[in-house]
Every structure is written in structure tokens, then in C-alpha cells.
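> My questions are about this predicted structure, shown below with the sequence.
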Amino acid sequence: MNLFDVYTLWDIEPVRAKGCRVWDRDGVEYLDFYGGHAVISIGHSHPVYVKAIQEQVEKIGFYSNSVVNSLQAELAEKLGEQSGYPDYSLFLCNSGAEANENALKLASFHTGKKRIIAFRESFHGRTSGAVSITDNASIQSPFNTGHEVTFVSLNDLDAIVCELEKDDVAAVIAEGIQGVAGIFVPENNFLQQLEKACKKYNAVLILDEIQSGYGRTGKFFAHQYAGIQPDIITVAKGMGNGFPIGGVLISPEFKAKKGMLGTTFGGNYLACVAAIAVLKVMKDESLVENASEAGNYLQNELSKYNGIKEIRGRGLMLGIESEPEFSDIRNRLLFKSHIFTGGAKNNVMRLLPPLSVSKEDIALFLEETKKYLEV
């Protein structure tokens, strides 16, 4: 049997990693400035994280959600405390797409409506509901296009209000920062007015913080720069530092009913201890603060380069446009300088290093990047 050939692969096989470094099967060392799609939050193979998973798997690795698992409650309490949402409830699942699926379902249960407003260039996942609110026709099959979804431009409040006035909208879903689109940040005033409009027209406001959450932007959630409180927040990626886990943070206004949501693997023992370890390391090592400081330093230094056209984002979620095209620069960084970076639409290089990235790591990245830019 062969693998189903759907991925474009670099001819590199990582076999070991530590902190912000990755080594391939030939022993070549790479600097990781992508974190595997923003998944690596506290750094690769952090000893606190590794120990927590090792100790748990020796006790019990899995049982179903038909029994009490006190680790779930511990995770919910600590996540609520560190994120600033102690009064919200947590539903645990396995991925970002699942988190968004359940958020949409909750919104429809809560309002009795089914139309969703999403934003152009958005990305929310590849499962049926999540891909229907993703603005990318190339990954939507005919089966996925049966959902009632309206796409509007980011920061266009008038278009949102026009749709909300039709009184059939269950939810508006926005990314804390649009990642796959090329790192586009919603304006603070737009998010503030969007929150008010959703309340006025009885629509649920969902913030997809799957890529932009968990401290990546220098606050726990990117939307906190605008001072708003969404009805639902979805998380994944950095939540488990590589262990599959996702979650839905749910306002106290939502009432749970037995059986309305469910999952086999969501919130299992190993996922919970991994996520608890991530929160502990983030707190003990002040990684949210480091994301802010390191991100500002990185952005300020890059802004001095003549070859940079534009830098967008916050903290350690940055998108950079340049001349020459970044596709060429990214290839050189990977195969000549041994630095992983990410790509996005519109010739954008995405930088999503671990939140533990040091100034020395950034200095090396800057030194190597400078070689391929007109400075």
C-alpha cells in the first residue's frame, strides 16, 4: 500500500528536535522559524512536557468520555485562568477543524439559525463545515458547498451589518489574524463594532484563534488587542505543542445539553497532560511576554532591510513581503542556510517560531536572511 499523494514534500526527514532546532536523518541542524504550522509553542521536546507525557502513559493512556477524567477539569481551570476567560466552559476535541465544526454547531443550536458569515481569504479547516467557511474553492468538493455561507471582506463592517439585518445569521466567524491568507490583522475598531453588531442582531461571534492564539501574538489571544469578548473561541495548534488537541471556549450564556456534542478521543489523558504542561511552561517561562518582545525585535530589525516591502502581524506571527520573491528566498534559507520558514498567499513568508525563540536565534535568522535580500 502507498500513501495517498496529496502533500508537496521537501526532501528532508526530521528525526530529532530540541528547543528551536531540528535535525534531519543525515545529522544536519535546522533553525525552526515555522514551528510546524505554529504548532510548536514551548519549543521541541521541552523536558517538562516530555516528562508529563511519559509519566501519564505509564498510568493510563486512554478511556472514553463515559467516565470522569479529572485532568480535563484541571486543564479547563488552568486555561481559563491564563487566558482571561475563567467563567467560560471548555469542550475538548482533537484538532482546529473539529473545534470550528463544534463552534458552528453550538451557534446554530443557540440561535436556531443556520447561515454563517465568514471572511474572504479565510481558512478554518478541511472538514465539511470548516471547509465550507474557508474561502478556497480548490479544497471544497461539491458535497461541502451545500452549507449557507456568505463571504465578506475583512474590516468591512457595512457589509456585515447588511447581512445581519436579514435576521437569519447564526454566527460570524473571524480569525484572530488571517494566517494562510498572508497575515492580515483585523482592525481593532472593526472587531469592537463587530461585537456590538452581533449582539444587536442575535448572532454568535466566533473567534478562530487556532493559529493566532496561545500567546503567539504577545497576548494569549489576538482578539484581546481589541478588548472584546467573543461568544466562542476555538483553539488547537500551540495548545498541545505537537500532541493533537483542540478546544472550544464557550460563553456562560450557552447552555449544555447531554449529547449535543461528543468525541471519542477528545480530552484523552495524554492530550490533557500535554496541554497542562504547555500552560505550565508558558507561565513559568513568561513565553507570552517573550513572544511580544522577540516579535517586536524581529519586526524592527527586518524593517531596516531595503528588500522588505511590507511586514504584517503581531508578536511571533509575522508575514513578510519582499523583492525578490520570497519563494526563492525561502528555498535558499532552507537548503543553504538550513532555516525552516512558512509560506502563504501573495508571495508572503510566514514566520511562526516557537514562543521560546531567543534573540540569538533571531540574530542568526536575520544574518542569513540578509544574504538573500537587497539591503
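All right, it came through fine.

> When you work out contacts or count neighbours from here on, use the C-alpha atoms and nothing else.
OK.

> per-domain residue ranges of the chain.
Domain assignment of the chain by automatic domain parsing yields the ranges 14-45+286-370, 48-284.

> Distance from the longest one to the middle of the chain?
On the basis of CA atoms, centre = their mean, to the nearest Å, the separation between the geometric centre of domain 48-284 and that of its chain is 9 Å.

> end to end, how far does it reach?
Chord length of domain 48-284, first to last residue, is 11 Å (CA to CA, to the nearest Å).

> that older thread, Thr8: which of the domains of the chain is closest?
Distances from Thr8 to each of these were compared using CA to CA; the shortest belongs to domain 14-45+286-370, at 12.7 Å.

> Would you pull up how far that closest one lies from the middle of the chain?
On the basis of CA atoms, centre = their mean, domain 14-45+286-370 is displaced by 16 Å from the centre of the chain it belongs to.

> Give the next helix or strand downstream of whichever helix or strand Ala99 is part of.
Using DSSP states H and E, the element containing Ala99 is helix 96-111. Downstream of helix 96-111, the next assigned helix or strand under DSSP H and E is strand 115-119.

> And the contacts of that next one?
Counting by CA atoms under 8 Å, 6 or more residues apart in numbering, the neighbours of strand 115-119 from elsewhere in the structure are 133-135, 147-154, 160, 163, 168-174.

> Show me just the buried residues among those.
A residue is treated as buried here by neighbour count (16 or more other CA atoms under 10 Å); on that basis the buried members of those are 133-135, 149-152, 154, 160, 163, 168-174.

> Mind checking which of those residues land in helices?
Counting by DSSP state H, the part of those found in helices is 160, 163.

> can you map out the helices along the protein?
Counting by DSSP H, the chain has helices at residues 35-38, 47-57, 70-83, 96-111, 128-132, 157-164, 188-200, 269-284, 287-302, 326-335, 359-370.

> Just put those helices in TSV and tack on mean pLDDT and distance to Ile250.
Output for the helices of the chain, formatted as TSV (pLDDT from 0 to 100; distance: least, CA to CA, whole Å):
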stretch	mean pLDDT	distance to Ile250
helix 35-38	96	23
helix 47-57	98	27
helix 70-83	98	11
helix 96-111	98	8
helix 128-132	95	18
helix 157-164	98	22
helix 188-200	98	15
helix 269-284	98	18
helix 287-302	97	22
helix 326-335	90	39
helix 359-370	96	36
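
> okay, those in CSV with distance to Ala17 next?
Below are these laid out as CSV (distance: least, CA to CA, whole Å):
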stretch, distance to Ala17
helix 35-38, 11
helix 47-57, 12
helix 70-83, 26
helix 96-111, 24
helix 128-132, 31
helix 157-164, 44
helix 188-200, 37
helix 269-284, 17
helix 287-302, 19
helix 326-335, 16
helix 359-370, 15
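
> Tyr7 is nearest to which of the domains of the chain?
Taking CA to CA as the criterion, domain 48-284 is the member of the domains of the chain that comes nearest to Tyr7, at 13.2 Å.

> Can you check what angle separates the helix holding Ala99 from strand 115-119?
Here helix 96-111 runs at an angle of 140 degrees relative to strand 115-119 (axes from the mean of the first three to the mean of the last three CA atoms, to 10 degrees).

> helices and strands around helix 96-111, which ones?
For helix 96-111, the elements it packs on are helix 128-132, strand 169-175, strand 204-208, strand 232-235, strand 246-250, judged by 3 or more CA pairs under 8 Å, 6 or more residues apart in numbering; DSSP states H and E.

> Need the residues that contact that helix.
Looking at what lies outside helix 96-111 - CA under 8 Å, 6+ apart - the contacts are 92-93, 114, 124-127, 129-130, 170-171, 202-204, 206, 208, 210, 232-237, 246-248, 254, 261.

> need the contact list for Phe143.
Contact partners of Phe143, counting by CA under 8 Å, 6+ apart, are Ser128.

> try it again with 10 Å
Contacts were defined as CA atoms under 10 Å, 6 or more residues apart in numbering; by that measure Phe143 touches 128, 132.

> which ones are touching the spatially most central residue of the chain?
Nearest to the centroid of the C-alpha atoms of the chain, with distances taken as CA atoms, centre = their mean, sits Gln211, at 1.3 Å. Going by CA under 10 Å, 6+ apart, Gln211 touches 37-39, 96, 124, 175-180, 217, 221-222, 234-239, 317, 352.

> What distance do you get for the closest residue to Arg21 other than its chain neighbours to Leu261?
In space, Arg21 comes closest to Leu31 once its chain neighbours are excluded; the distance is 4.9 Å by CA to CA, 6 or more residues apart in numbering. Distance of Leu31 to Leu261, computed by CA to CA: 40 Å.

> And for Gln299?
Following CA to CA, the distance that separates Gln299 from Leu261 is 41 Å.

> more neighbours, these two?
When Gln299 and Leu261 are compared on other CA atoms under 10 Å, the one with more neighbours turns out to be Gln299, at 20 against 13.

> still on that earlier bit, buried set for the helix holding Ala99?
Taking 16+ other CA under 10 Å as the neighbour-count basis, helix 96-111 is seen to contain the buried residues 96-108, 110.

> wait, what's in contact with Leu90?
Residues near Leu90 by CA under 10 Å, 6+ apart: 72-73, 75-77, 79-80, 232-234, 247-251.

> quick check, nearest of those residues to Gly43?
The nearest one, if we look at these relative to Gly43 and count by CA to CA, is Leu79, at 18.9 Å.

> Quick check: the closest one touching Ala277?
No - using CA atoms under 10 Å, Leu79 makes no contact with Ala277, being 11.2 Å away.

> picking up where we left off before, filter the contacts of Leu90 down to the buried ones and hand me the ChimeraX line.
Buried residues within the contacts of Leu90, as defined by 16+ other CA under 10 Å, are selected in ChimeraX through the command that follows:
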select :72,75,76,77,79,80,232,233,234,247,248,249,250,251
